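J.: Quick one: sequence plus predicted model below, questions after.
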Amino acid sequence: MYLGVWYNFLMATINEKEYENIRNLYQERRLSMQEISEIYKVPLDAIVYFFKRHKIPRRNRTESNRILFERKATAFKVKEKLSAHEEKLRIAGVMLYWAEGSNALTADKVDFVNSNPEMIMLFMQFLRKICRIDETKLRVLLYCYANQNKEYLKDFWSSVTNIPITKFTKPYVREDYKPEKEGRMKYGLIHIRYYEKKLLLLLWKWRKEIAKELGVDTKVVKWTRL
């Protein structure tokens, strides 16, 4: 009895003629129920009951999370109208990442790995000039052997990347140094990490487009062992 009175009270705040508009806000504009309640200045319970009364299908958690992700503002702003030089830089950056980056779409970040200072500098130019990233989302992970000077290497890579030491996370140090490894990874190697899922997806999209333009089929190649 009490609940019935309460729901009638809530329903009185929403005009039945608003059905099409509310359905459009939810299904076409993909607003959340909370956002709709704020637009109509009614409690969320009133919107929930309105949906039940009119049998408007509600999203599941997966769909709701996907919509929230799509609506989330990006932490980068890709430069438009590239010059010929900038287009070369864009293609070089994408190809570098394809070869030396983590391409798993389940990842939550861009993760480029290399020990070559020139490749690292080129990739950083790509991130800054083409993708125009938010520097606050950059992190660096140093990977080196126990016989190497971690502080020296961090200073070196900070100079190469122009990324402050404060953005370097705890180094990964391998203890299995052997004399025959002398000369390998003179400066260790680093992971350039940028915590932005949407940039990872964009790099994947660009990779597919470039490969298609070059006539390369990026689908998994099936083969038979002889």
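T.: Looks like it came in fine.
J.: Residue 201 reaches residue 106, doesn't it?
T.: No: taking contacts as Cβ atoms under 8 Å, residue 201 lies outside contact range of residue 106: 11.4 Å. Bear in mind the C-beta positions are built from the backbone N, C-alpha and C, glycine included.
J.: ok, those two, which is more surrounded?
T.: The neighbour count for residue 201 versus residue 106, taken as other Cβ atoms under 10 Å, is higher for residue 201 (13 against 7).
J.: OK, contacts around that one?
T.: residue 105 (Cβ atoms under 8 Å, 6 or more residues apart in numbering).
J.: Repeat that for residue 135.
T.: residue 163.
J.: Nearest spatial neighbour of the most centrally placed residue in the chain, chain-adjacent residues omitted?
T.: Geometric centre of the chain, nearest residue: residue 197, 0.9 Å, by Cα atoms, centre = their mean. In this structure, residue 197 finds its nearest non-sequential neighbour in residue 108, 5.3 Å apart by Cβ to Cβ, 6 or more residues apart in numbering.
J.: That neighbour against residue 193, yeah?
T.: No: look at residue 108 against residue 193 with Cβ under 8 Å: they stay out of range, at 10.0 Å.
J.: which of those two has more neighbours?
T.: The neighbour comparison of residue 108 against residue 193 (other Cβ under 10 Å) goes to residue 193, with 20 against 10.
J.: Secondary structure element holding the more buried one?
T.: Assigned by DSSP states H and E, residue 193 falls within strand 189-194.
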